[in-house]
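Visitor: predicted model and sequence follow; I will ask about them next.
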Amino acid sequence: AEFSRRHQERTKSRRGRIVEAQLNEINFEERRLAIVEDPQGWLAEQLGGEDVRAALAPRALEKARELREAQQKLLQQLTDGYRGLVDTELAVETTERELTEQIDAYRKYVTERVLGIRSAQPIWRLDLPALLAAGTWMTDAIAWTNLLTALATAVLAQVWPLAIALPLVVLLGLRRLLRRRLQRHGDAAARGTNVAYTPTALAAIDTVLLAAPVPGLLLLAGWRLFALPDAGDLAHPVANGLVETGLGLGLVLLLRAVVLPKGLAEAHFPWQTTTVAHLRRALPLLLVAVVPFAFGLAALEVHGDDQWLGSLGAALLMAQLVLLAIVAWRLLHPTTGIVGGRFRPTPGVLYRFRRLWFLLGVGTFAALFVMTALGYEYTAQQLTSRVHLTVGVLAGALLLHAMILRGLLLERRRLQIQRAKERLQAAREGDPAGDAGVPPPVELDPQSLAQQTQTLLGGAIVVVVAIGLFRIWVDVLPALGALRQFEVWNIGA
């Protein structure tokens, strides 16, 4: 990954050098052609005119011709040199691109087939000197000072980073206002007569605005650090740590904003109060698991020192897995968790298999913890990152399903209110004397229509989630990778 990033940075700077070399080659070639096409006119122009050239002594004129020939040879050498430089840069670009493709192919091969190879010593043989060296590198005050100075200079030197950062900072200052607006939208949506989707849509916007500032600033800082060519050895690792932390923190803060009082989960979605309470209690631990540990792991991964990854990286990963296992225990417990508490009144598939979800959730992190302790740190880290992506896909699908389901619920409520009004109006006016042989029109049942629509929606969400999970896990599971050889359809010429 680090080689690919450096290759992209070198490619950008190399393209600039190639363009500059091509312009210089064209310039020197035009100057050389001016001498070749009209040597006498060029010499007269350089001497100040035809009269000056004619007035020169023969010896001086001969010397001027020698200088013209030398100038022509120099321009030819410069043209050839810049042409060679362009060819060399293009050859280097081709070689680096082929090398990057080979590295990606080997990484894919290793990821699919060689994850079972031990990458570090077991935890009881922890390399303490490497751990101390990694910790010293990550806490170097001078390096951090230089890095922050370079970051501030890079952000302030251009307009676009400021144009992105300032609105995010303003949103941080508007958090109280956004929370009050979120509560007003919740009050409007909680009314039994409300059939408008506008309060839910506005609440969703305010939820995103509440969660976006801090992750957005972290992603912006990471992006700017990646663009700095000479910011020290700490720049790219810290940039990768900021990006990974920003992505994980964005999901956690979004869930935190969703479960705010009178927020989406409480006032708009059909989530039970026990579910919201469980999520609120689990979010602090989830926040701790994401911010420091994800940052350290991402930074060490880019640095690329295997001993550091096997010592400090393994310790950070094990601590993160312990916290995630505790979160999974609290949320998926078969008697006190979300599934056991929510679905007990109306048992369904989720409730019947609640112990299986509990074993999968807690057992996954426990297995990854054991793998890390035994020295399979690289394998555990690759699988953990994909578990995080899986949780993100499931959470996104759950929120999308809840948003669409809210719209269906409001539409059903609108139809029921409209039907009730029509029946009330008909009762007030009395039954009109219709034709005796005409049967009454068939009315659609909103309840059955809503159930059919929810079934169709659930199936569509399951298909989208399955595609997302396939894309996440296809590179690490050879059984899934084998599916790539099957052709779904073929577009022939």
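Guide: Yep, that arrived. Numbers count the residues shown, from 1 in each chain.
Visitor: and Lys63, what element?
Guide: helix 58-113 (DSSP states H and E).
Visitor: what's the first helix or strand after that helix?
Guide: Using DSSP H and E, the first helix or strand after helix 58-113 is helix 128-138.
Visitor: how far off centre is that next one?
Guide: Relative to the centre of its chain, helix 128-138 is centred 29 Å away, using CA atoms, centre = their mean, to the nearest Å.
Visitor: quick one: buried residues of that helix?
Guide: Of all the residues in helix 128-138, those buried under the rule 16 or more other CB atoms under 10 Å are 130-131, 133-134, 137-138. To be clear about C-beta, it is placed using only N, CA and C from the backbone, and glycine gets the same treatment.
Visitor: then stretch 140-147?
Guide: Using 16+ other CB under 10 Å as the test for burial, stretch 140-147 gives 143, 147.
Visitor: rewinding a little: could you list every helix and strand that the helix holding Lys63 packs against?
Guide: When contacts are defined as 3 or more CB pairs under 8 Å, 6 or more residues apart in numbering; DSSP states H and E, helix 58-113 sits against helix 2-37, helix 39-47, helix 478-481.
Visitor: reformat the buried residues of helix 128-138 as CSV; add pLDDT and distance to Val169.
Guide: Shown next, in CSV, are the buried residues of helix 128-138 (pLDDT from 0 to 100; distance: CB to CB, whole Å):
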residue, pLDDT, distance to Val169
Ala130, 87, 39
Leu131, 87, 37
Ala133, 89, 36
Ala134, 87, 33
Trp137, 86, 30
Met138, 85, 27
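Visitor: helix or strand: which one has Val238?
Guide: Going by DSSP H and E, Val238 is part of helix 235-258.
Visitor: beyond that helix, next helix or strand please.
Guide: Once helix 235-258 ends, the next helix or strand along the chain (criterion: DSSP H and E) is helix 273-303.
Visitor: avg pLDDT for stretch 186-204?
Guide: The average pLDDT within stretch 186-204 is 88.
Visitor: now the end-to-end length of that stretch.
Guide: End-to-end distance of stretch 186-204 (CA to CA, to the nearest Å): 11 Å.
Visitor: buried sites along it?
Guide: Buried residues in stretch 186-204 (16+ other CB under 10 Å): 186, 188-189, 194, 197, 199-200, 202-204.
Visitor: quick one: which of those sit in helices?
Guide: When the buried residues of stretch 186-204 are checked against helices (DSSP state H), the matches are 186, 188-189, 199-200, 202-204.
Visitor: quick check: the two most widely separated of those?
Guide: Pairwise distances across those (CB to CB) peak at 13.6 Å, for the pair Ala188 and Ala204.
Visitor: report the rounded mean pLDDT for stretch 46-53.
Guide: Rounded mean pLDDT across stretch 46-53 is 74.
Visitor: quick one: that stretch to chain centroid distance?
Guide: Centroid separation for stretch 46-53 versus its chain: 67 Å, with CA atoms, centre = their mean.
Visitor: now stretch 265-275
Guide: Counting by CA atoms, centre = their mean, stretch 265-275 comes out at 28 Å from the chain centroid.
Visitor: all helices of the stretch 301-450 of the chain, in order?
Guide: With helices called from DSSP state H, counting those that start in this stretch, the stretch 301-450 of the chain shows them at 306-308, 314-332, 338-342, 349-352, 354-373, 377-429, 446-473.
Visitor: Gly173: which of the ones you listed is closest?
Guide: That would be, of these and by CB to CB, helix 377-429, which comes in at 26.2 Å.
Visitor: what helices or strands is that closest one leaning on?
Guide: Where contact means 3+ CB pairs under 8 Å, 6+ apart, helix 377-429 is packed against helix 198-211, helix 235-258, helix 314-332, helix 354-373, helix 446-473.
Visitor: could the helices and strands packed on helix 58-113 go into TSV alongside mean neighbour count and distance to Thr245?
Guide: Compiled in TSV, the helices and strands packed on helix 58-113 are given as follows (neighbours: other CB atoms under 10 Å; distance: least, CB to CB, whole Å):
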stretch	mean neighbour count	distance to Thr245
helix 2-37	14	17
helix 39-47	15	63
helix 478-481	13	29
